[in-house]
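Chemist: Okay, structure incoming, though there's no sequence with it:
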């Protein structure tokens, strides 16, 4: 399902990161910073912090790990599934295969990616969404 992205001109694509590993979060921030028109608006390491941040920031895209310091990405998906406008939520996790991905998609995730080898695919998808804002 494609969500329409609407925000003031020049604001760019707003991305929120939910990742408890500082190393992975730094890598994601570096990838996102290199994409024209993308702005990271916040990050969280646990489910409650993520839910609060996503509600407050109303990002266009959320990059979500399933395994968090406290709670899980499933908690975040359940608590944010009725937001309007709904952000696109890309699960990027070591547990993004099989039943985990199926459950994430049923809870409102837009797509699932494997953290071990899909960073570039996520970067490309975010870049594609940002480019749509300029056209």
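Modeler: That came in fine, so what should we check first? Just so it is clear, the model here is predicted, and its values are computed rather than measured. Numbers count the residues shown, from 1 in each chain.
Chemist: ok, residue 21 - how many residues close by?
Modeler: 15 (other Cβ atoms under 10 Å). Backbone N, C-alpha and C define where each C-beta goes, glycine included.
Chemist: residue contacts, the spatially closest residue to it that is not a sequence neighbour?
Modeler: Take residue 21 and drop its neighbours on the chain: the residue closest to it by Cβ to Cβ, 6 or more residues apart in numbering is residue 65, 7.7 Å away. Applying Cβ atoms under 8 Å, 6 or more residues apart in numbering to residue 65 gives the contacts 18-21, 24, 73, 91-93, 115.
Chemist: Quick check: residue 65 vs residue 15, distance?
Modeler: Distance of residue 65 to residue 15, computed by Cβ to Cβ, to the nearest Å: 14 Å.
Chemist: ok, back up a step: looking at the contacts of residue 65, spot the one nearest residue 82.
Modeler: residue 73 (16.7 Å; Cβ to Cβ).
Chemist: How about that closest one: what's its closest non-neighbour residue?
Modeler: Per Cβ to Cβ, 6+ apart, closest to residue 73 is residue 66, 3.8 Å.
Chemist: Which pLDDT value belongs to the residue nearest to residue 21?
Modeler: Looking at residue 65, its pLDDT reads 96.
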